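K.L.:
I would like the atomic coordinates for the input below:
(one chain, ligands or ions: 2)
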Amino acid sequence: GIEGYIFDLDGVIVDTAKYHYSAWKKLAHRLGFDFQEDENERLKGVSRTRALEILLDIGGIKAINPEEKRALADLKNSWYQEYILRMETSEILPGVLPFLRELRKRTIKIALGSASKNAVTILDKLNLMAYFDVIVDGNKVTKAKPDPEVFLLAAKLLNLSPEKCIVFEDAFSGIEAAKSAGMYAVGIGSPQVLYQADLVFPSLEKITIDSIEKALSL
Ligand code: B16
Ligand code: MG
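P.N.:
Ligands and ions are numbered 1, 2, ... in the order given. All right, here's what the predicted structure looks like:
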């Protein structure tokens, strides 16, 4: 069976994607263009720096030096942090707590595999730190999803080989990362977007360990 469960943060455990989007939209307006929700999918799961590059590309902004880029990323992050500091435990997505509790009860290992440098702040705010044996976030990796680094490091720190691990992800780039890490991948969201996943569910609601293993014929 599966011995390690690895969770993405934004979009799987909590809907911080809406806060990222609002902060990027504010930055786009500051730069003189609009940023529509349908283009937001491209920013999900990737690092802050990469997300900024994609946003600048959407706005058709080219001539910009590394210091200016850093300043813009910092500005976006300061707005984003205003949102997350106001977050409450009621914002934990449906099904997350029962599922984490079931894993804990069966002493299955749990890791976080997030691109976010704000992951620990968010888990703290939501009182979720105690559920995770291992936390791999944007401060611990150098290569952003779809590179498998974040999930491979999580497996290594859990002392498990990748084929014993399963990843829960809401982003296309994250599913790609999980598959190239040699892990099972469960998409949380739309099957049209997450077609590379082994299984796709709309949320973690009603998901159990048995239902996952059965669906994967394990
Ligand atoms: P930060 P995840 C990712 O988190 C987000 O999906 C992505 O939109 C964001 O750009 C990235 O974290 C970096 O976040 O600016 O907080 O370091 O989905 O991998 O948990
Ligand atoms: Mg995500």
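
K.L.:
hey, let's count contacts and neighbours off CA atoms from now on
P.N.:
OK.

K.L.:
For burial, what's the neighbour tally of residue 179?
P.N.:
21 (other CA atoms under 10 Å).

K.L.:
Up against ligand 1, what does this protein have?
P.N.:
8-10, 43-48, 51, 114-118, 138 (CA under 6 Å from any ligand atom).

K.L.:
and the gap between residue 23 and residue 61?
P.N.:
Taking CA to CA, to the nearest Å as the measure, residue 23 falls 18 Å from residue 61.

K.L.:
More neighbours: which of the two?
P.N.:
Between residue 23 and residue 61, residue 23 has the larger neighbour count (other CA under 10 Å), namely 20 against 13.

K.L.:
so that one sits in a helix?
P.N.:
Yes. Judged by DSSP: H, G, I helix; E, B strand; the rest coil, residue 23 forms part of a helix.

K.L.:
Distance check, the residue located most distally from the centre of the chain against ligand 1.
P.N.:
Computed with CA atoms, centre = their mean, the residue of the chain farthest from its C-alpha average is residue 63, at 29.9 Å. In this view, residue 63 and ligand 1 are 22 Å apart by CA to the nearest ligand atom, to the nearest Å.

K.L.:
mind listing what residue 134 touches?
P.N.:
Counting by CA atoms under 8 Å, 6 or more residues apart in numbering, residue 134 makes contact with 110-112, 154, 157-158.

K.L.:
my bad, should have said residue 164
P.N.:
Residue 164 neighbours (CA under 8 Å, 6+ apart): 1-4, 183.

K.L.:
Please report the distance of it from residue 16.
P.N.:
For residue 164, the distance to residue 16 (CA to CA) stands at 28 Å.

K.L.:
which residues touch the top helix by length along the chain?
P.N.:
What stands out as the longest helix in the chain, according to DSSP state H, is helix 66-85. Contacts to helix 66-85, defined as CA under 8 Å, 6+ apart, come from residues 16, 19-20, 22-24, 26-27, 48-49, 52, 122, 125.

K.L.:
before we move on, back to that, give me the distance between the residue farthest from the centre of the chain and residue 97.
P.N.:
Counting by CA to CA - residue 63 and residue 97 are separated by 46 Å.

K.L.:
repeat for residue 77
P.N.:
Distance from residue 77 to residue 97, by CA to CA: 27 Å.

K.L.:
again, but for residue 55
P.N.:
In terms of CA to CA, residue 55 sits 33 Å off from residue 97.
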